[in-house]
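# need a structure here:
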Amino acid sequence: MGKVLSIQELKTVRESLRQKNKKVVFTNGVFDIIHRGHIEYLLKARELGDALVVGINSNSSVKRIKGEKKPIVDENDRAFILSNLNPVDYVCLFDDDTPLNLITIILPDVLVKGADWSVNNIVGKDMVEKSGGKVMTIDFVPDRSTTSIIDIILERFSSK
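Sure, this is the predicted structure:
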């Protein structure tokens, strides 16, 4: 099975973790060009429970949300990279524009997003809280983003 799971495999793993009374934390995102901000965010998310599940937007999902020029890194490469980071226990690609279906299936004990999201606007909030879980945000590392990395690269190479 490995750490990159299909939705069905993740459902099975979630049931096993639930039977062992393990607290599951879920977050999601594109995770296009991995940087320090991503790593610190994932480390903080992992501290909130016993297992961290990361949902990753598929290539087609990213294109619908962010435009045809994204993602920079292919979905399988992004999944491989994330699955090999210490704080991440499981990774699951999803093709929808939001992770609602994935959240519905696994019902995490803790649902987290970056602090750029208002807790009230986090997809799946009502469902997670109704099942007894918590929804929270994690502060970002300032000036660390995929967009800022791309901007720096463009600036440096356009001046040559």
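# And the helices in this protein?
7-19, 36-46, 59-66, 75-83, 100-106, 125-130, 146-158 (DSSP state H).
# tell me, what residue is most central in this structure?
Nearest to the geometric centre of the chain sits Asn28, at 2.2 Å (C-alpha atoms, centre = their mean).
# follow-up on the earlier one: pick out the shakiest of the helices of the chain, pLDDT-wise.
The weakest mean pLDDT among these belongs to helix 146-158, with a mean of 81.
# So for that helix, what gets flagged as buried?
The neighbour-count check on helix 146-158 (16 or more other C-beta atoms under 10 Å) flags 146, 149 as buried. For glycine as for every other residue, the C-beta is placed from the backbone atoms N, C-alpha and C.
# residues contacting the residue nearest to the centre of the chain?
Asn28 makes contacts with 54-57, 94, 99, 102, 113, as judged by C-beta atoms under 8 Å, 6 or more residues apart in numbering.
# I'd like the helices of the chain laid out as CSV, including distance to Ile138.
As requested, the helices of the chain are exported to CSV (distance: least, C-beta to C-beta, whole Å):
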stretch, distance to Ile138
helix 7-19, 21
helix 36-46, 5
helix 59-66, 21
helix 75-83, 16
helix 100-106, 17
helix 125-130, 15
helix 146-158, 17
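# out of those helices, nearest to Val119?
Comparison of these against Val119 by C-beta to C-beta identifies helix 125-130 as nearest, at 6.7 Å.
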